[in-house]
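Undergrad: Okay, here's the prediction I keep looking at, along with the sequence it came from:
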Amino acid sequence: MSSRIVAVTQIDLNRLQALLQQEMLLDESSGRPHWFELQDALARASTVSPDQMPPEVITMNSTFDLFDLDRQESDTYTLVYPEEAAIEEGKLSILSPLGAGIFGRQVGQLVSLRVRDRDIRKRVEKLSFQPERVGALEL
């Protein structure tokens, strides 16, 4: 089975692995299968330097449009760490089911997942900002 995450920078990999480990220790109920899926995908991903990141890949702090295939509507999000999350502002936490499912996806890819007993289907429409593309590595 190949990883859905094409590539990850060492900075994001280290920070995400530490975050997942911390959250999993705090949430011993193991009720968050998307965290384990993200952890597995990160373990299989290729590590690249920021300047080698493909420009169509959603990375941390990327801003992108998702088209909801069921509602036929598009929404704009920025993928952020949990402390910055504010869904009403379009800031989507990496630890949410959608955030974990969208990380590492590319423009044109479909994302299907189950959220709150409901199946959702989205397509990555556009990536309008990727920090690695513009050298904004301090985000």
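TA: Nice, thanks for sending it over. Numbering: from 1, shown residues only.
Undergrad: who's in contact with the residue nearest to the spatial centre of the chain?
TA: The centroid of the chain falls nearest to Phe103 when counting by Cα atoms, centre = their mean (2.1 Å). Residues near Phe103 by Cβ atoms under 8 Å, 6 or more residues apart in numbering: 5, 38, 41, 58-60, 79, 94. All C-beta spots, glycine's among them, are computed from the backbone N, C-alpha and C.
Undergrad: For the residues you listed, please prepare a markdown table with the additional fields pLDDT, neighbour count and distance to Leu16.
TA: Conversion of the contacts of Phe103 to a markdown table gives the following (pLDDT from 0 to 100; neighbours: other Cβ atoms under 10 Å; distance: Cβ to Cβ, whole Å):
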| residue | pLDDT | neighbour count | distance to Leu16 |
| --- | --- | --- | --- |
| Ile5 | 80 | 23 | 10 |
| Leu38 | 91 | 25 | 7 |
| Ala41 | 90 | 18 | 10 |
| Ile58 | 96 | 25 | 13 |
| Thr59 | 96 | 24 | 11 |
| Met60 | 96 | 21 | 8 |
| Leu79 | 97 | 24 | 11 |
| Ile94 | 95 | 24 | 7 |
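Undergrad: Out of these, which sit inside strands?
TA: Within the contacts of Phe103, residues falling in strands by DSSP state E are Leu79.
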